[in-house]
Structures are given as C-alpha cells and as structure tokens.
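Colleague: I'd like to go over a predicted model; first the sequence, then the structure.
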Amino acid sequence: MRFESLRWCETNRLPDDDACTLYQAHAREHSWDVRDPETEALRRCILANYSGWLARLTRKPD
Ligand SMILES: [Zn+2]
C-alpha cells in the first residue's frame, strides 16, 4: 500500500474568490460546478410541485 499527498486545485472563481475544494488534476468541473444528482432531482421536484408555496414563503412582508 502506498499513500500519496495530492495538491489542491489552485483555481479560484472570480469575483467571489471562491477556491476549488478538489484535488489538482480533478475530472472536469471545479467544485462549485459539481452537483449532486439526488439533490438536483429534489430541487426540480420542489420547483415543479411547490412553486406557489415557495413564492408565498419567500416574499417580503407587506
Ligand atoms: Zn478545481
């Protein structure tokens, strides 16, 4: 067995200066573009079925 220390991806997203939280030479998207498919499916389901409630609950009080 062998352990190897990996370096962090050194890419920052501007203008927020968010650092990518993945290792160097990671596959495709930086961490800010990686989406959990289960969370994404839940988000789509909520938007499709409860958009009225979301609008009601997130509007500013009069
Ligand atoms: Zn990255």
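Modeller: Right, received. Where do you want to start?
Colleague: which stretches of the protein form strands?
Modeller: Taking DSSP state E to define them, one finds strands in the chain at 12-13, 18-19.
Colleague: give me the sheet partners of the last one and which way each runs.
Modeller: Here the strand partners of strand 18-19, with direction, are listed using DSSP bridges: strand 12-13 (antiparallel).
Colleague: check the offset of the strand it pairs with from the chain's centre.
Modeller: 14 Å (C-alpha atoms, centre = their mean, to the nearest Å).
Colleague: before we move on, what about stretch 29-45?
Modeller: Centroid separation for stretch 29-45 versus its chain: 6 Å, with C-alpha atoms, centre = their mean.
Colleague: how long is it end to end?
Modeller: Between the start and the finish of stretch 29-45 there is a gap of 24 Å, counting by C-alpha to C-alpha, to the nearest Å.
Colleague: okay, now the unreliable bits of this protein?
Modeller: Applying pLDDT under 70 to the predicted model, the chain contains no residue that meets it.
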